[in-house]
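1. Structure of the sequence below:
(chains A and B, ligands or ions: 2)
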Amino acid sequence: MKMNRRGFIKACGVMTGYAVLGLNLTKEAVAASMDFVGLRQKSVYDADANPKIYKLRKSQDNPMIKKIYDPKDGFLHEGPCGHMSHHLLHTHYNDRSARVAALKANGFKLKF
Amino acid sequence: MKQIEGVMYQTNAPKGIDPDSIFFVQVDATKCQACGNCEEACATGAIQSINDDGIRQVVDPAACMNCGQCLINCPYDAIYEGVSYVDEVFEKLKDPNTVVVSMPAPAVRYGLGECFGAATGTYVGGKMHAALRQLGFDYIWDNEFTADVTIMEEGTELIQRVGEQGKKGARPLPQFTSCCPGWVKFAETFYPDLMPNLSSCKSPIGMLGPLAKTYGAHETETPAKNIYTVSIMPCIAKKYEGLRPELADSGFRDIDATINTRELAYMIKAAGINFNSLPSQAPDPILGDSTGAATIFGNSGGVMEAALRLAYEVLSGKKLSDPTIKVVRTHEGINAADVDVPGFGTVKVAVASGLDNAAKLCDEVRAGKSPYHFIEVMTCPGGCVNGGGQPLDPDVRASLFKSTVAQINKRFRARTVSA
Ligand code: SF4
Ligand code: SF4
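-> Ligands and ions are numbered 1, 2, ... in the order given. Next comes the predicted model:
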């Protein structure tokens, strides 16, 4: 069954009369959409286990990983967490709590 | 505004703007039907009623982790994306002086096919590479390669942290994963005291950008200044991540543009490419080849499983004969497991799917009661395959409604009977 917009809006009107019911339905709807996610997840694990798609299953076995970390002339020859890795591949984080603290002080309710 | 795979987009490509001030998703008040689905899907409470009619808005970008869960769960197509690089990417693809590099995430290849009529979850990795070539990308590099790099870096970091315990200046345990930009912003916003627990590793895309403009430039003899990197993600929060000012370690912006699965589908259609008849093609090597450990990054529990495939071998000195570690695979909620590693002992791990679940584990860490060595967090329930930038679930708009009607009818009948 495909619903047109009008149908939606009409049912929404019905729903307003059942506001309590509304929230439960929302929870159920979000839960139902997880079936869909399960199909995508299964496909991911199937590809991992399918040698026609991925010949190798461990990062350390990837020949291009061996090449980039080659201790002799690899671009990251000092190995993982080496000097070049720290320069290009690692980062730092910033405290972003002040703005939500200000929001809360202004009366906004957040879940955390 | 432009409509792309059922979602509206503002067509701008911000430059030099503080991403903290951008609404990456927002509600079109004229389309909102006040059903509250978005509010239910949002872990932080950033999206809420702004008037007595129950019309929703994202109240402030500071409280929004840009995950897009509200958007993919809105049955009325009322939520739009605030940032799109599609027009700019098309321009760069046409420009003969720009070397355009593709950087697709694992989960894109499990969603893209749906935009061309394939069944939910169909793997289309080979066709995706072929389509990127036809679109005119100069190097078909793949973010799955840097998923493998991430395992090397993050696994090594974990082993280092475990070894440091008890020593002066030791980095704390548990170590949290840092690949998910919604989660990273969440930690920075709501649990800044736990930032030392976050792995210092950039996400795979945060690694591929700078590698493309250094190592990739060197290997292909391309001047780095001519390279334009396009991050292709199942995610909206990755647009925020790409704009982080600190991601400029290559000497240039590491990531020039970020689009999502829906926008890639749109570009393929706009270019008139017949996706379904494309052959399966491999990515370009150097920064393209990957393993099964990389592709499972798309699922909740995948980073954990991939990291354990490394940690087991490094810590025990033995080969892991069967790389499948099912106990950490997570569909919903929190999943905890003890993994026995010969010659080392027990590695205690946990996987949180969704930020509300992450918060529970964060509270434990804050209270000093967390038993874990390593915790993976994904913002989107189920992982990136369910990202805010993925093709929409057609059932959210159809059968969600069916079940609503069914339930209301049921209540009506119940009332009639009892009345
Ligand atoms: S899910 Fe859509 S229609 Fe429902 S309240 Fe949110 S924005 Fe409005
Ligand atoms: S994008 Fe995510 S955090 Fe922001 S309002 Fe939507 S669900 Fe909430």
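
2. going forward, measure contacts and count neighbours with C-alpha atoms only.
-> Fine.

3. B:Leu173 touches B:Ile375, doesn't it?
-> No - counting by Cα atoms under 8 Å, B:Leu173 sits too far from B:Ile375 to count as a contact (9.4 Å).

4. Compare these two and say which is more crowded by neighbours.
-> More crowded of B:Leu173 and B:Ile375, by other Cα atoms under 10 Å in any protein chain shown: B:Ile375, with 26 against 21.

5. tell me the contacts of the more buried one?
-> Applying Cα atoms under 8 Å, 6 or more residues apart in numbering or on different chains, we find B:Ile375 in contact with B:Pro174, B:Gln175, B:Phe176, B:Thr177, B:Met304, B:Val349, B:Ala350, B:Val351, B:Ala352.

6. Quick one: find the helix or strand in chain A with the lowest mean pLDDT.
-> helix A:5-16 (a mean of 49; mean pLDDT, DSSP states H and E).

7. What about B:Lys269, how many residues nearby?
-> As a measure of burial, B:Lys269 has 14 neighbours, counting by other Cα under 10 Å.

8. where does B:Phe252 land in three-state SS?
-> coil (DSSP: H, G, I helix; E, B strand; the rest coil).

9. backbone phi and psi for it, please?
-> As for B:Phe252, its main-chain torsions (degrees, to the nearest 10) stand at phi -130, psi -180.

10. Stretch B:110-117 near chain A at all?
-> Yes - judged by Cα under 8 Å from any Cα of the partner chain, stretch B:110-117 comes into contact with chain A at B:Tyr110, B:Gly111.

11. residue ranges for the helices of chain A, please.
-> With helices called from DSSP state H, chain A shows them at A:5-16, A:19-48, A:63-68, A:83-89, A:97-105.

12. what's the neighbour count on the nearest residue in space to B:Phe252 that is not next to it in sequence?
-> Nearest non-adjacent residue to B:Phe252, counting by Cα to Cα, 6 or more residues apart in numbering or on different chains: B:Lys225, 7.3 Å away. If you count neighbours by other Cα under 10 Å, B:Lys225 ends up with 14.

13. Over to the one 3 residues further on?
-> Summarising burial for B:Tyr228: neighbours were counted as other Cα under 10 Å, giving 26.

14. ok, so what distance separates it from B:Val162?
-> 39 Å (Cα to Cα, to the nearest Å).

15. go on, B:Tyr139?
-> Counting by Cα to Cα, the gap from B:Tyr139 to B:Val162 is 39 Å.

16. residue nearest the centroid of chain A?
-> Computing the C-alpha centroid of chain A and ranking residues by Cα atoms, centre = their mean puts A:Val37 first, at 11.6 Å.

17. residues contacting the nearest residue to that one once chain neighbours are set aside?
-> Spatial nearest neighbour of A:Val37, chain neighbours left out: B:Asn386 (5.9 Å); criterion: Cα to Cα, 6+ apart. Contacts here follow Cα under 8 Å, 6+ apart; on that basis B:Asn386 touches A:Val37, B:Pro234, B:Cys380.

18. For ligand 2, state which of those residues is nearest.
-> B:Cys380 (8.8 Å; Cα to the nearest ligand atom).

19. Quick check, the closest one in contact with B:Asn357.
-> No - contact criterion Cα under 8 Å: B:Cys380 and B:Asn357 do not qualify, at 10.8 Å.

20. More neighbours: which of these two?
-> B:Cys380 (27 against 20).

21. show me the contacts for the more buried one.
-> B:Cys67, B:Gln69, B:Ser353, B:Gly354, B:Leu355, B:Asn386, B:Gly387, B:Gly388.

22. Flag every buried residue along stretch A:73-82.
-> Using 16 or more other Cα atoms under 10 Å in any protein chain shown as the test for burial, stretch A:73-82 gives A:Phe75, A:Leu76, A:His77, A:Glu78, A:Gly79, A:Pro80, A:Cys81.

23. Also stretch A:47-59?
-> A:Ala47, A:Asp48, A:Ala49, A:Tyr54, A:Leu56, A:Arg57, A:Lys58, A:Ser59.

24. low-scoring pLDDT stretches of chain B, where are they?
-> Confidence mapping of chain B against pLDDT under 70 gives the ranges B:398-419.

25. Can you pull up the residues of it that come close to ligand 1?
-> Listed as neighbours of ligand 1 in chain B under the rule Cα under 6 Å from any ligand atom: B:27, B:32-38, B:55-56, B:74, B:76, B:78-79.

26. Kindly recompute the last result at 5 Å.
-> Selection of chain B residues close to ligand 1 by Cα under 5 Å from any ligand atom yields B:Cys32, B:Gln33, B:Ala34, B:Cys35, B:Gly36, B:Asn37, B:Cys38, B:Cys74, B:Ala78.

27. Can you flag the buried ones in these?
-> Applying 16+ other Cα under 10 Å to the residues of chain B next to ligand 1 flags B:Cys32, B:Gln33, B:Ala34, B:Cys35, B:Gly36, B:Asn37, B:Cys38, B:Cys74, B:Ala78 as buried.

28. among these, which are within reach of chain A?
-> Checking those against chain A (Cα under 8 Å from any Cα), the matches are B:Gln33, B:Cys35, B:Gly36, B:Asn37.

29. and of these, the nearest to B:Arg329?
-> B:Asn37 (27.1 Å; Cα to Cα).

30. tell me the contacts of that closest one?
-> A:Thr26, B:Cys70, B:Asn73, B:Cys74, B:Pro75 are the contacts of B:Asn37 under Cα under 8 Å, 6+ apart.

31. among the residues you listed, which two are most distant?
-> A:Thr26 and B:Cys70, at 11.9 Å, using Cα to Cα across the contacts of B:Asn37.

32. Please say which of the two ends up with more neighbours.
-> B:Cys70 (26 against 21).

33. And the helix or strand hosting that one, how far out from the chain middle?
-> Element membership for B:Cys70 (DSSP states H and E) is helix B:69-72. Relative to the chain's own centre, helix B:69-72 is displaced by 14 Å; criterion: Cα atoms, centre = their mean, to the nearest Å.
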